[in-house]
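Chemist: Make a model of this:
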Amino acid sequence: MTAPVLPELDSEGSSKSQRTAAGVDALAHSFLDNLFFVQGRSRERATMNDVYLALAHTVRDRLVERWIQTVLNYRAQDVRVVCYLSAEFLTGPHLANNLINLGMYDQAEEAMRKLGLDLETLIEQEAEPGLGNGGLGRLAACFMDSLATLDIPAIGYGIRYEYGIFDQEIRDGWQVETTDKWLRLGNPWALERPEDAFEVKFGGHTESYTDANGQFRVRWVPGKLVRGVPNDTPILGYHTNTANTMRLWSAQAVESFNFESFNTGNFFGAVADKVESENISKILYPNDEEIQGKTLRLEQQFFFVSCSLQHILKIQKNADRALSDLHRNFTIQMNDTHPAIAVAEMMRLLVDENAMEWEAAWNVTTHSLSYTNHTLMPEALEKWPISLFASLLPRHFEIIKEINRRHLDEVRAKFPGDEDRVRRLSIIDEDGGRYVRMAHLAVVGSHAVNGVAALHTELLKSNVLRDFYELTPEKFSNKTNGVTPRRWMVLANPRLAGLLSSRLGHSWIHDLDKLRRLEHMVDDPELARQWRSIKHHNKQRLAAYIYRTQSITVDPESMFDVLVKRLHEYKRQHLKVLHILTLYKRIQHNPDLVMQPRTFIFGGKAAPGYRMAKLIIKLIHSVAAVIHGDPLVRDRIRVVFLPNYNVKLGHRVYPAADLSEQISLAGKEASGTGNMKFAMNGALTIGTLDGANIEIREEVGAENFFLFGLTAEEVERKKAEGYHPREYYESNPKLREILDAVASGEFSHGDRALFDPLVQSLLSQDEYMLFADYQSYIDCQDSVGLAYRDIDHWTRMSILNVARIGKFSSDRAIRDYCSEIWKTWPVKIEV
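Modeler: I've put the predicted structure just below:
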């Protein structure tokens, strides 16, 4: 696709010669310079991607000055830098977000218009960076935005995945994974820094020796070396000069080409090291069902952690600061268990590589590191078979055994005679197969441990990490998640943001609590009219996208009922399907039924090896096909699955939603952040008392939230008493009817075997208690349908959700971390 021929600029613009000057004409000239000198294209021959890249470089030019000045300021001052270690950074596209943070969006739009180009088209040209999968990575990206906005010195460390996780296609209703080639057309935002690479060791063995001072030491003799090359991206704050760094590591071979092998005809052997090394940063979350996948995952985690810690130590040394003071200059946050190997690697670097005594190194390590737990699911609390761990990281296994020995001595001292507790608290799991428990390692090696919602933290203390809480209660605190309003309101929902700014001024964008002033306007009929108009526009925009991509017509006048999140049984997308089938059967039984028409919108990826989640996706599509083929039903119910759900798609979905589905089983979701994005954009929530739903309900008001389902305590009690899902099936005729319809092949062309694994799982086990919550959910959904008919009252509830959502800004979350865990402070950057 070629871009339009670009016209000449007027004489006023041509006088602007500064590369990073402000103003419409200066932006236009900088854009033309980048098109010619960076892209090497004439205006006549430029493709649309050339045009996008030229604009991206134009914006990046204006970031770089702030970025360099930020780094210089940090080096010149006594600052404490937040180092955020995360396996994911789901940043979303950069162009529009950077224009908003620079305060140049309108200027860029006018500059492009002057050149005969449409800014929105160029924004759509940008590929989604394949650097994350879900809430974990999106939280990390929101935190980086808020850290910069609040002028907090920070570096985000992760992996630069060449192919991301995967692109999701739907074929005959089934998820099919294809390669996410997000770097195919280039990434203008990151700068590769090969001169700042580090070597990472794997395998081999260890040797003990006595150093020149007569001290016992251990050296690691690796079996393999990999080179970690950093790729740096500036992360600019909103209307501030602070541009922090997101440093993502790519894996390369130390020697990428074996000339001797090539000359002897072994062409594959000549590049074998290159292929093997680069596999480490190929994709996010390789399938770990087989040992090769497990090995690669552990390699990935150690690779980026080792590179990152080596870089941190290098900064400390280059500043002529003692390593014993490292914790005074850096605070290192482990985002979930993926970076937990940092505990052992920091000890190795300090003790083995820098000859620090064990006690001093442990003091630095534990005062530097802190740990955020993101899950209550046992399978997500990573543990590695000792045979794998010891062969891949032999020195770290030795260090962990020593950490564990000292740790268990402290446990025995505090709880004498309680060997069951000792066993439970051991970093090394001796039950059955022997494993290294990474969450245990993270807790032992950190000075602070936090959950990400009030309920989640309480469940950590009372259940998942109860023994650790009883051992060191002072470590534990709650830091409820938050999301950035810059991306999820200003960028995703510009009309709503404009309305809010016209009523409240612009300061709410970096102080979301100021939205509270909307409460005084909630009964203003003109505000309500504008509010509904904006929602309708957003729904029309999403409806047009659905028709363009899915060839499905949906009615913007219908209620948009949305469930978009990673596919997992605990998130209970199949409970939503049971509700759809209940409505379907109602209409079949009563064709004259009066009901609020609904468009049900799903989105989310299933892990490649997660068969049941993939079967749920197939069920959604099969139900949609039957409903859309039934003239009696299809004008009242539409079912849409949006493939390849990502941040770009989220920009369309969150502003258009009327109802936000947050229906996980109570006690299973750590927090959730989609619930916050929906509420920020005026959607009402139907949900259980799970994760951050509880706090959202407290903030927006119980009367503005649709609550159903068991509480976490009731879930535990029912399971302890013995949960029998078949009893619910037998006693509820409506539930029995819809489940029998699925089992009979009604939605699978008569194939009774297709959905049998799902049906039998629910009847025999129902691990996530859909049947127990089914009737409560249906009754609550009936209340939702009635409430939506009173559009004035619905609008009032929508306004109050936005007005009271301030707590869930990532700015608030970062302030909490800074004051209570990181003990750091803002540093203003002057340019």
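
Chemist: buried ones in the host helix or strand of Met612?
Modeler: Using DSSP states H and E, Met612 falls within helix 611-628. Residues of helix 611-628 classed as buried by neighbour count (16 or more other C-beta atoms under 10 Å): 613-624, 626-628. Glycine gets a C-beta too; all of them are placed from N, C-alpha and C.

Chemist: now stretch 693-702
Modeler: Going by 16+ other C-beta under 10 Å, stretch 693-702 has these buried residues: Asn693, Ile694, Glu695, Ile696, Arg697, Glu699, Val700.

Chemist: what mean pLDDT does it have?
Modeler: For stretch 693-702, mean pLDDT rounds to 98.

Chemist: cool, stretch 731-744 as well?
Modeler: Regarding stretch 731-744, the rounded mean pLDDT is 98.

Chemist: got the contact list for it?
Modeler: With contact meaning C-beta atoms under 8 Å, 6 or more residues apart in numbering, stretch 731-744 is reached by 578, 581-582, 584-585, 619, 728-730, 747, 752, 755-756, 758-759, 762-763, 771, 774-775, 778.

Chemist: just how off-centre is the one helix or strand Leu53 maps to within its chain?
Modeler: Element membership for Leu53 (DSSP H and E) is helix 48-76. Distance, stretch centre to chain centre, for helix 48-76: 24 Å (C-alpha atoms, centre = their mean, to the nearest Å).

Chemist: Also compute the angle for the helix or strand following it relative to helix 48-76, please.
Modeler: Counting by DSSP H and E, the element after helix 48-76 in chain order, helix or strand, is strand 81-85. Strand 81-85 and helix 48-76 are oriented at 130 degrees to each other (axes from the mean of the first three to the mean of the last three C-alpha atoms, to 10 degrees).

Chemist: Run through who's touching strand 81-85.
Modeler: By C-beta under 8 Å, 6+ apart, the surrounding residues in contact with strand 81-85 are 74, 140, 143-144, 147, 152-158, 304-305, 308, 312, 329-335, 339, 342, 817-818, 822, 824.

Chemist: what does stretch 460-477 give?
Modeler: With C-beta under 8 Å, 6+ apart as the test, stretch 460-477 has contacts from 373, 376, 378, 381, 410-411, 414-415, 421, 424-425, 439-440, 443-444, 446-451, 457, 820-821.

Chemist: what about the strands in the stretch 301-450 of the chain?
Modeler: 330-335, 369-372, 383-385, 428-429, 435-437, 449-451 (DSSP state E, counting those that start in this stretch).

Chemist: who does the last one pair up with?
Modeler: Strand 449-451 pairs in its sheet with strand 369-372 (parallel), strand 476-478 (parallel), by DSSP bridges.

Chemist: How about the shortest one?
Modeler: Using DSSP bridges, the strands paired with strand 428-429 are strand 435-437 (antiparallel).

Chemist: List the contacts of the strand it pairs with.
Modeler: Under the contact criterion C-beta under 8 Å, 6+ apart, strand 435-437 has outside partners Leu381, Lys383, Trp384, Pro385, Ile386, Phe389, Phe397, Ile400, Ser426, Ile427, Ile428, Asp429.

Chemist: residues contacting the closest residue to Ile686 other than its chain neighbours?
Modeler: Distance criterion C-beta to C-beta, 6 or more residues apart in numbering; nearest residue to Ile686, sequence neighbours excluded, is Phe706 at 4.0 Å. Going by C-beta under 8 Å, 6+ apart, Phe706 touches Leu659, Leu684, Thr685, Ile686, Gly687, Cys780, Ser783, Val784, Ala787.

Chemist: neighbour-wise, which of the residues you listed leads?
Modeler: The most crowded member of the contacts of Phe706, judged by other C-beta atoms under 10 Å, is Gly687 (27 neighbours).

Chemist: from what I can see that one touches Leu665, true?
Modeler: No - in this structure, Gly687 is not within contact of Leu665 by C-beta atoms under 8 Å, at 11.2 Å.

Chemist: Confirm that Ile814 sits in a helix.
Modeler: Yes - the assignment for Ile814 is a helix, going by DSSP: H, G, I helix; E, B strand; the rest coil.

Chemist: you'd agree it is up against Leu150?
Modeler: Yes - in this structure, Ile814 is within contact of Leu150 by C-beta under 8 Å, at 5.8 Å.

Chemist: who's more crowded, these two?
Modeler: Ile814 (26 against 20).

Chemist: what about the more buried one, distance to Arg752?
Modeler: Separation of Ile814 from Arg752 (C-beta to C-beta, to the nearest Å): 53 Å.

Chemist: and if you look at Ile427?
Modeler: Using C-beta to C-beta, Ile427 is found at 48 Å from Arg752.

Chemist: go on, Leu95?
Modeler: Leu95 sits 50 Å away from Arg752, taking C-beta to C-beta as the criterion.

Chemist: One more: Ala528?
Modeler: To Arg752, Ala528 is 51 Å away according to C-beta to C-beta.

Chemist: Compare neighbour counts for those two and give me the winner.
Modeler: More crowded of Ala528 and Arg752, by other C-beta under 10 Å: Ala528, with 19 against 13.

Chemist: and that one, helix, strand or coil?
Modeler: Three-state call for Ala528 (three-state DSSP): helix.

Chemist: Leaving out the residues flanking it, which one is nearest to it?
Modeler: Distances taken as C-beta to C-beta, 6+ apart place Thr795 nearest to Ala528, at 4.7 Å, with adjacent residues excluded.

Chemist: and the contacts of Phe706 as a markdown table, adding secondary structure, distance to Ala360 and pLDDT?
Modeler: Output for the contacts of Phe706, formatted as a markdown table (DSSP: H, G, I helix; E, B strand; the rest coil; distance: C-beta to C-beta, whole Å; pLDDT from 0 to 100):
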| residue | secondary structure | distance to Ala360 | pLDDT |
| --- | --- | --- | --- |
| Leu659 | strand | 56 | 98 |
| Leu684 | strand | 55 | 98 |
| Thr685 | strand | 50 | 98 |
| Ile686 | strand | 54 | 98 |
| Gly687 | strand | 49 | 98 |
| Cys780 | helix | 57 | 98 |
| Ser783 | helix | 61 | 98 |
| Val784 | helix | 60 | 98 |
| Ala787 | helix | 62 | 98 |
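
Chemist: and of these, the nearest to Gly214?
Modeler: The closest of the contacts of Phe706 to Gly214 turns out to be Gly687 (C-beta to C-beta; 63.7 Å).

Chemist: what's near enough to touch that closest one?
Modeler: Gly687 makes contact with Ser660, Glu661, Gln662, Ile663, Asn675, Asn693, Ile696, Arg697, Phe705, Phe706, Leu707, Phe708 under the criterion C-beta under 8 Å, 6+ apart.

Chemist: same thing but at 10 Å, please
Modeler: Gly687 sits next to 660-664, 666, 669, 672, 675, 693-694, 696-697, 705-709, 780 when contact means C-beta atoms under 10 Å, 6 or more residues apart in numbering.

Chemist: if we can go back for a sec, need the max-distance pair from the contacts of Phe706.
Modeler: Gly687 and Ala787 (14.8 Å).

Chemist: Only alpha carbons, please: show stretch 399-410 as PDB.
Modeler: Extracted in PDB, the C-alpha atoms of stretch 399-410 (Å, rounded to 0.1, in the frame of the first residue of the first chain):
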ATOM      1  CA  ILE A 399      23.300 -21.500  47.000                       C
ATOM      2  CA  ILE A 400      19.600 -22.300  47.500                       C
ATOM      3  CA  LYS A 401      20.400 -25.300  49.600                       C
ATOM      4  CA  GLU A 402      22.500 -23.000  51.900                       C
ATOM      5  CA  ILE A 403      19.800 -20.300  52.000                       C
ATOM      6  CA  ASN A 404      17.300 -23.100  52.800                       C
ATOM      7  CA  ARG A 405      19.500 -24.500  55.600                       C
ATOM      8  CA  ARG A 406      19.900 -21.100  57.300                       C
ATOM      9  CA  HIS A 407      16.200 -20.400  56.800                       C
ATOM     10  CA  LEU A 408      15.000 -23.600  58.300                       C
ATOM     11  CA  ASP A 409      17.300 -23.100  61.300                       C
ATOM     12  CA  GLU A 410      15.400 -19.900  61.900                       C
END
